[in-house]
Structure formats: structure tokens, C-alpha cells
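[1] A structural model of the following input is requested.
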Amino acid sequence: MRKMNKPELLLPVGNPEMFHAAVKGGADAVYLGLRQFNARGRASNFTTGQLQALLKIAKKNNIKVYLTLNTVIKNEELSDLLDTLFLIQKTDISAIIIQDWGVYHLVKKHFPKITVHASTQMAHHNSLGAIYCKQKDFERAVMARELTLPELKEIKQKTDIELEIFMHGALCYSFSGMCLFSSFLGGSGANRGLCAQPCRRYFETGNKTQYVFSLKDNQAVDVLPELMKMGIESIKIEGRLKPAEFVYNVSKAYRKVLDDNDVKSAKEILAFDMGREKTGYFLAGNVNQAITENTNTGILVGSVEKRTKDAIIFTSSHEIQLGNRIRFKQRNGEPQKAIKVKDFKSLSEGCYQIDAGNTKAQRGDQVYLAGMNQEKFPSKFQDEGKPFKASMHRTEKAKIIKGLGSKNIPQKEQIYVRIDSLAWLRKIHLNEMNYLILNLKKSEWEELKWDVPFLQKNAHKIMIELPKFIPEKDLPFYKQLCKTAMRKGYQNFMLSHISQKLLLPKKARIACNENVYLFNDAAVAHLREERINLFTHPQENDLENLIKGNDRFGIVPVYFYPQLFYSRMPVKTVNDELIDDMQGEYDKELRDGITIVYPKHPVTWMQQKNKLHKEGFRRFLIDLTHEKVSSNTFKRLMKNFQQAKQVQPSTSFNMKKGLK
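    Residues are numbered from 1 along each chain as shown. Below you'll find the model as predicted:
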């Protein structure tokens, strides 16, 4: 049993070899995924037969097992999801880690014995999120990586829910759960477990080409003693795509701190974790140097001296051994996959020859040590059973899915317009819309004159929208904002995070924007139970999934600039215009301490208006956020909408090509 104030050491497991490494390294718990519904779809993951064998070993070693179901779920997948939950309840899984409110709804209604943890993909970043999770009977909330130590301490003091913190491993540039970049590039959504890592790409800014968004790896071992004093329940190591030796070495290092309070020895071990350069990130308060130009993982040990048809000769400051993994970095910056040294010749001290194989390495390329393979771990389970399938009865599944809602169609069309600046108020015509959503900077909320006759006259049309990220120190400001708005007669509020309902006065009318991911009817059902009757469909949704859902009261965005990156991490660029290595063009904006990256051209679904009407959708959003303030722009967009014409130039995001 773990002692008081000693957090659980939670390790990543992407295959059987990694699990054995975690056991030997001293894991208190592991997290893993099956072949569906998890945020590391590119990992090997586990069959049900492997899961059975793993659970037996875990139980014998007093190790908890958490199963990741932390992606958003499409309507057509609800049947398979029910089968998965039906299977899970028959196992000794300690808890499931979830992102989708639809998964939450189905678990609480039909599988109440399953324990749930709120994934970092839910983007809980302040005490509101933790408190809301506690109210909804989550056992644990995995907090955002972007929190500072003082913020985390304050959150811990305000709630008694278990908190889990990422301590070590790769970092996403954007807030987890808020990144649309990979999805925008080709439909491989991060929220679907298929991130293509656009933050690791080159971007051109001004006359300079650089890695603008590529973060170093997280290593917050220095603050672990503080987290222990704070009473944090679990520290998490990222890395289900890493090799087994990474899991073993990192677990040994963090055990040094947890068991012996020996940070120095831990850091000596971590020096050979073979990851990227390191940053303590927000927890350690040193984000200024968190971006790296070196996207390679491993330790730079030498360079290629000669390349022949069949051989590569290279220098290395590390003594090469059989089983080592090395990676060559080409001079154009393009990394290669690590290769395992199966045979080599030592030509002289520090000079080696290996077979060239299929590698493209050339003279002058850098050589990285990517793994030492000092420990051997079994790649299989001895008593691994055959994959089994426990399925819920088809009739019962159909009954559950049918009970999620019916296709009631709104009688009248409604147009919602969003603005991000008070300057728009002089350029738009409120008589041409049903609702105006105010998404303002904090400074503009402070300047707003609530009693202006024009606003008072249209108070019933105005919606106060809360931002996607509210740091702990700003919660009192936004609570007072909502209170003032209600007192002045503005009763409509739009939330960017479902926990923000805790800020609102009684009798407030509540809607949710597209950041509260509702990809399926089960998620919408949860919203209804929260007495939230209006929501916005996700921007990365596709037409097929929209149509397959029952609900027709949601707002469909038909014009918008998707916020591809939404990050607390500042970056330095020559200007705010960016071009990626595929010639995609983007703009960058800093807004209330948040860096936002969005495409140069908007997304428009206006050309799909008639089809959407035919399918029963009547509520549409024209989002002017990031658009240049202009009365002509407003008139043009309203005309295009009425005529169901596509705006040019523009894209359609996933609407037709589909979200994978």
C-alpha cells in the first residue's frame, strides 16, 4: 500500500512488453487501450485475450489497471461502445478514462459499477472542472498540463476529488481536447486518437523557417516533492508509443523520488530516457525555453563519416552495443525511424560500421542514440487467452439507443452570429439575426456599457459567451460578469466548458458552444439532464455523423475560422502569418494570454444549407471571430447564407470528406 502523500505512479502501456517493463519498474497503476475508442490509436494496444492475462498479473502485483476510452464517439459507434462497456463491467478494470460526455451518460445510466476518470481531453483546467467532476461522481480528474504549481495548489485546496498530473513525456502544443489542426489537415482528429502531430512540422514566418510549435518533452521531477506535500493522488507518465525500456527507466527514476526523496539520482537516470530535450513547463514555471528546434528523440552521439552502397560508417561518443537503437538525422532536418543494431564492426575507438539496409543516411548526417535495450522484457503473456467478445443483446442495445432522443424538428429557422470585438456592433444589423453571441476580451467586458439603449432593447437577443480557458485567478471576474449581466437583464449565456455552469446565477438560460464536444445523441442526452437545451455542433464534425444523430435542435456552424491551436504557450515569430511545410497558410493571434492559430481562409458550409434544411436542421451559426471588422463583410455573408452559396476562397473542413 502507498503511504500518505505518496502519489500513485501511473505508467503508460501500449503493448505486452511495456506492461512487463512497468511491473518490473515499480508501477502502482498502468493505463492502456483496447483496439477502439482510445487516444493513442496508433499504438499496438490490446486484444481482449491479452487484457485477461494482463489483469491477472496486475492483480498479483497489486497494480491498478485503467482503460482509456478517451476519444469522442460517433453516432454509428454507439452500438460498439455499448458492447465495450458491457465487456468492461465483467472485468477487474479499476477505472475507465473518458473524454466523451456520451460515454459518461451511458456508464452512469446502464453500467453504474464502472468507475470513471475524467481524461485530460476534457480540458479541466481550474477548480470549476474538478468540482463539477466530483458532483458528477467521477473518482478522478486528470488536469490540464498547462497549470502552474500555485494554480494546482489552489485547485487541490478547493476540492476533494482525486487529481492526476502529467509529470513526464511528450507535450502537445495545444490544450488537450482543444486541438483541431490534425483534423483540419486530413480528417485524422486528435480527439479521435489519430493525431498527425502538426506541431512537429516546419512553419515559415517572415523569411525564416523554423519549428514554431514543437515543444520539448515534459520533465517535472524537480517539483514532485511539492506535489507530494500538496497531496496530489497520481502522477502520470506519457508514452504509450514509447519502447519498453523507456517505461522501465522512467519508472525507476520516479520511484527514487517517491520512495527515497532522491531527485538527484532520478535526474541521472532520466538523462538517458532517449526523449527530446526537457522542460519543466508550467509546473516548474520555465516556459520561455520550452520550444525546441530539435524534433529528434534520443541523445546526439556522433555523425556519419562515410556512406557506401552497403554500409554506413559513423562516429559515436557512446560505445555501440548489440540491441542499441540509433537514428540518423538528415541534413534537411527530416528525421528517420530508429533502427536496431543487429550487427556491427568496431573500426577504431568511437568509429563503427553497420549495414546500410534501407536507411537514407548520408555523410554529415547526425547520429542519435535512441535506445540502449539494456533490459529484456517478454513480448507476450504466457497464459494469453484467445480474444473474446462479450456483447450486449441486440434488443437491449436498440432500446438504449432509441431512448436517447427522437427527431423533433424546430419549426422556425434561427440565425446566430458571433462577434469577437465591440467594434462589430456598428457594422451588423440585429434585425437580421435571432441571437448575437458576444465573445469578448476581458478588457472589453470591463469597458462594456450594459445600459446603452441599443443593447438594452436587444438584451433578449444577446448571449454572453465565456472563454475556453479561464485561469483560477480570473474565476471571480467571470462570476461577477455573469451576475452583472443577469442584473442588467441579459439572461442568455453560452458556455465553452460544461463546468462553467457553476458560475451562473439561477434562472440563467444556458447554451453550450462547439468546445463542449457533443458528437453523439448520448452526449446530448447528458446535456438535457443538466437542463441545457441548446448546444453547438463541433466544428470538426461531418455531414454523415450530423445526419445520423437524432437531435435537430443543435446549432450548425456554417461559417467560421476554426481555432486549430489554442494554447497557453507563447511563441516567437517574425509576424503573425505562417506557412507550413505543405504550403498551408495560417494566422496567429494572442488573446488574453492565449495563442490562437487559425487558417487564412474560412470554413463555410453555407452551400450545404438546403441539404441541412432537408435533414431537419434549422439553427445556424455565422461566426465572425478572426474576421476583419467590416459592414460589407457582414452583408456579403448574410446574402451568401440566404442564397446557400459558398464563400470563396474557403474550405469545407470535414463536412464532406469525413472525420476519421
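[2] residues near the closest residue to Gly350 other than its chain neighbours, how many?
    Of all residues not flanking Gly350 in the chain, Thr315 sits nearest, at 5.5 Å (C-beta to C-beta, 6 or more residues apart in numbering). (Glycine included, C-beta is placed from N, CA and C.) When neighbours are defined as other C-beta atoms under 10 Å, Thr315 has 16 of them.
[3] tell me which residue lies nearest the centroid of this protein.
    Central residue of the chain (C-alpha atoms, centre = their mean): Ser176, 2.5 Å from the mean position.
[4] distance of the residue lying closest to that one once chain neighbours are set aside from Gly193?
    Once flanking residues are discounted, Ser176 sits nearest to Thr120: 4.6 Å by C-beta to C-beta, 6+ apart. Applying C-beta to C-beta, to the nearest Å, the value for Thr120 to Gly193 is 13 Å.
[5] so the residue located most distally from the centre of the chain bridges to which residues?
    Distance from the C-alpha centroid of the chain, by C-alpha atoms, centre = their mean, peaks at Ser348 (47.9 Å). Under the criterion DSSP bridges, Ser348 forms beta bridges with Cys351.
[6] against Leu85, how distant is the nearest residue to Lys442 once chain neighbours are set aside?
    Nearest non-adjacent residue to Lys442, counting by C-beta to C-beta, 6+ apart: Asp592, 5.4 Å away. The gap separating Asp592 from Leu85 is 39 Å, by C-beta to C-beta.
[7] ok, those two, which is more surrounded?
    Between Asp592 and Leu85, counted using other C-beta under 10 Å, the more crowded position is Leu85 (19 against 14).
[8] assign the more buried one to helix, strand or coil.
    At Leu85, secondary structure determined by DSSP: H, G, I helix; E, B strand; the rest coil is helix.
[9] same check on Lys386?
    Applying three-state DSSP: Lys386 is coil.
[10] find me the pLDDT at it, would you?
    Note for Lys386: predicted pLDDT of 76.
[11] just Glu375 next, same as before
    Reported pLDDT for Glu375: 80.
[12] now do the contacts for the spatially closest residue to Arg331 that is not a sequence neighbour.
    Nearest non-adjacent residue to Arg331, counting by C-beta to C-beta, 6+ apart: Gly364, 5.7 Å away. Contacts for Gly364 (C-beta atoms under 8 Å, 6 or more residues apart in numbering) come out as Ser303, Val304, Arg331.
[13] so how far is Lys90 from the residue nearest to Lys442?
    Asp592 is 47 Å from Lys90, by C-beta to C-beta.
[14] ok so, going back, tell me how far the residue nearest to the centre of the chain lies from Ile291.
    With C-beta to C-beta as the criterion, Ser176 and Ile291 are 18 Å apart.
[15] same question for Ala284.
    Relative to Ile291, and taking C-beta to C-beta, Ala284 is found at 15 Å.
[16] what do you get for Met638?
    41 Å.
[17] compare those two (neighbour count), which wins?
    When Met638 and Ile291 are compared for neighbours, Ile291 comes out ahead with 21 against 17, by other C-beta under 10 Å.
[18] what's the domain layout of this protein?
    8-171+216-274, 179-215+562-601, 299-371, 410-560+603-636 (automatic domain parsing).
[19] distance to Val647 and mean pLDDT added to those, as TSV?
    Below are the domains of the chain laid out as TSV (distance: least, C-beta to C-beta, whole Å; pLDDT from 0 to 100):
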stretch	distance to Val647	mean pLDDT
domain 8-171+216-274	27	95
domain 179-215+562-601	9	95
domain 299-371	36	88
domain 410-560+603-636	4	98
